[in-house]
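# Can you look at this prediction? I've put the sequence above it.
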Amino acid sequence: MILLNINTEASISLNTYIINSINIFKYTPTELHKYVMDKCHANPLISIEDHHRLPAHTYDGDGFLDEITTHFNCTLTSGERQVMDAIIASLSPKGFLDTAPQELASMTGASIKQVRHLIGLLQAYDSKGAGSAGAIDFIEFQLKAEGTYDEQLFSAFKNHLPEISSGNLNFLKKLDINEDIFLDYMENRIKTCRLSPLDGEASIEIVPEGFIRLDRGILTISIDDYLTESITHEPIYLSEGDTGFSEKLKSYRDEYLELVSMLNARKIYMLKILNIICDVQKEYLSGRCDYLKPLDQTMLAESTNLSPATVSRLVSGKYISTPRGMLPIQTLLSRRCYKGYSVSHVKHIIRNIEDHQKLPDNKISMMLNELGIKLSRRTVNKYKNQMLEKAQN
């Protein structure tokens with residue numbers, strides 16, 4: 001387990017740590033960096049060596065990430081904003097959605113209908129198409145936005161990419177499509193579309209909360225605490241004199257101690273959460289199995305003695321670098337499905353049933369029952385649809 005050493009120089013209790021830190025728990029590393037820099041600039045007795053490792057273009061050159069965050073903070077309800085935050089956090093550097101809508105719905109507790117609606121709002125913002133599932137989906141978005149979308153011609157393009165790339169257009173005869181019309185549509189419509197919503201300076205770079213590394217079979221956790229290490233307080237000592245000025249100096253010092261305490265608290269609780277995740281999901285993270293064990297935010301709250309709201313703030317929209325790549329922390333959670341089985345485990349079993357896509361749901365339900373997993377036909381159907389949707393995205 002991780003030993004937690006809390007700085008008590010300012011006689012700040014653990015409860016005060018929680019109260020002071022509650023607002024910054026939800027910050028991503030980039031947002032946290034901006035917050036700390038603003039605090040340091042506002043306090044004349046705090047200095048910081050800003051040799052941080054965050055790329056200068058984490059907030060993109062044309063302000064797109066700032067724009068959409070500000071826009072949706074002003075136009076959405078608090079519940080919708082939380083879902084939109086998860087969607088934005090799931091964008092790739094090119095603006096594509098890296099997490100399937102169904103998975104986002106599961107992560108945020110929203111309905112799939114609401115998630116799709118919010119993705120549509122993100123795509124429509126400034127007509128950029130951010131949040132498209134991939135290049136083909138983005139091309140379709142552009143054609144529809146321009147009013148040049150032809151369902152028959154685009155479907156022929158979308159469903160026959162291997163043949164088109166090899167120069168084989170024989171499929172057009174079966175579809176009763178004129179070759180000249182198709183080639184004209186390809187040349188003057190499809191090929192004029194951009195391939196990604198964001199490029200160049202308009203990119204989003206994900207900064208992880210920390211790193212989970214596999215070293216000789218052992219998982220280790222590290223969080224770069226450069227902010228706390230870089231902040232220093234420059235005291236001014238007065239022998240006698242202005243009591244009011246002394247109080248002002250004391251307030252500056254208290255602000256410094258509070259800021260450091262907030263950063264320490266955030267790191268402490270993030271480490272506690274990551275430690276539990278590593279303990280439970282070590283087989284998955286080390287590549288020894290392809291499914292997650294039961295662990296959700298409620299279980300994390302119970303294991304860490306943190307409130308469910310605090311856990312939600314700490315994991316929502318956050319990324320962690322793992323042996324399996326850069327992952328949203330929430331994708332390392334899977335709720336309990338039946339007895340000791342997680343949803344992830346059950347989906348893994350279904351996925352490995354031969355021809356599971358073609359088998360009736362009640363047949364799969366019976367096969368699972370033989371393994372001691374009692375699931376209704378409706379639940380099996382839901383899981384199959386989620387798996388299919390994820391594969392398509």
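All right, it came through fine.

# OK, contacts around Pro294?
280, 334-337, 340-342 (Cβ atoms under 8 Å, 6 or more residues apart in numbering). Placement of C-beta: from N, CA and C, glycine included.

# Buried only: go through those for me.
280, 334, 336-337, 341-342 (16 or more other Cβ atoms under 10 Å).

# What is the neighbour count of Leu65?
Counted with other Cβ atoms under 10 Å, residues neighbouring Leu65 total 20.

# Likewise for Asp176?
Count around Asp176 with other Cβ under 10 Å applied: 7.

# any idea how far His160 is from it?
14 Å (Cβ to Cβ, to the nearest Å).

# Then Lys382?
For Lys382, the distance to His160 - Cβ to Cβ - is 32 Å.

# With Thr99 instead?
Plainly put, Thr99 is 28 Å away from His160 if you go by Cβ to Cβ.

# which of those two has more neighbours?
Applying other Cβ under 10 Å to Thr99 and His160 shows that Thr99 carries more neighbours, namely 22 against 16.

# which one is the more buried one nearest to, not counting chain neighbours?
Nearest residue to Thr99 in three dimensions, chain neighbours excluded: Ser90, at 3.9 Å (Cβ to Cβ, 6 or more residues apart in numbering).

# List phi and psi for that neighbour.
Main-chain torsions, Ser90, degrees, to the nearest 10: phi -90, psi 0.

# okay but it is in contact with Pro101, surely?
No - with contact defined as Cβ atoms under 8 Å, Ser90 and Pro101 do not form a contacting pair (9.8 Å).

# low-scoring stretches of this protein, by residue?
Scanning the chain for pLDDT under 70 picks out the ranges 1-22, 50-63, 66, 199-206, 237-245, 390-393.

# what about the strands in it?
Taking DSSP state E as the test, the strands found in the chain are 46-48, 211-215, 218-222, 231-233, 319-322, 325-328, 336-338, 341-342.

# Would you mind measuring from the residue lying closest to Leu327 once chain neighbours are set aside to Arg266?
Leaving aside its chain neighbours, Leu327 sits nearest to Ile320 (6.1 Å; criterion: Cβ to Cβ, 6+ apart). Ile320 sits 14 Å away from Arg266, going by Cβ to Cβ.

# quick revisit: any chance of a markdown table for the buried ones among the contacts of Pro294, columns distance to Ile353?
Output for those, formatted as a markdown table (distance: Cβ to Cβ, whole Å):
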| residue | distance to Ile353 |
| --- | --- |
| Val280 | 26 |
| Ser334 | 19 |
| Arg336 | 21 |
| Cys337 | 16 |
| Tyr341 | 15 |
| Ser342 | 17 |
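
# farthest-separated two in those residues?
Val280 and Cys337 (15.1 Å; Cβ to Cβ).

# just to revisit the earlier point, so which of the strands of the chain comes closest to Lys272?
Nearest to Lys272, of the strands of the chain and by Cβ to Cβ, is strand 218-222 at 10.2 Å.

# who does the closest one pair up with?
Taking DSSP bridges as the criterion, strand 218-222 forms sheet pairs with strand 211-215 (antiparallel).

# List the contacts of the partner strand.
219-223, 274, 278, 285-287, 320-323.

# hmm, 6 Å instead?
219-222, 286, 321-323 (Cβ atoms under 6 Å, 6 or more residues apart in numbering).

# Glu187: which of these is nearest?
Nearest member of those to Glu187, counting by Cβ to Cβ, is Ser321, at 42.4 Å.

# show me the contacts for the closest one.
Contacts of Ser321 (Cβ under 6 Å, 6+ apart): 208, 211.

# which of the contacts of strand 211-215 are buried?
Judged by 16+ other Cβ under 10 Å, buried ones among the contacts of strand 211-215: 219, 221, 286, 321-322.

# so can I have JSON lines of those residues showing distance to Ile212?
Formatted as JSON lines, those follow (distance: Cβ to Cβ, whole Å):
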{"residue": "Leu219", "distance to Ile212": "6"}
{"residue": "Ile221", "distance to Ile212": "6"}
{"residue": "Ser286", "distance to Ile212": "10"}
{"residue": "Ser321", "distance to Ile212": "7"}
{"residue": "Thr322", "distance to Ile212": "5"}
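
# now for those residues, which pair is the farthest apart?
Within the buried ones among the contacts of strand 211-215, Ser286 and Ser321 form the most distant pair, 14.6 Å apart (Cβ to Cβ).

# For His41, the count of nearby residues, please.
For His41, the tally of surrounding residues (other Cβ under 10 Å) stands at 10.

# For it, give its distance to Ser230.
Counting by Cβ to Cβ, the gap between His41 and Ser230 amounts to 14 Å.
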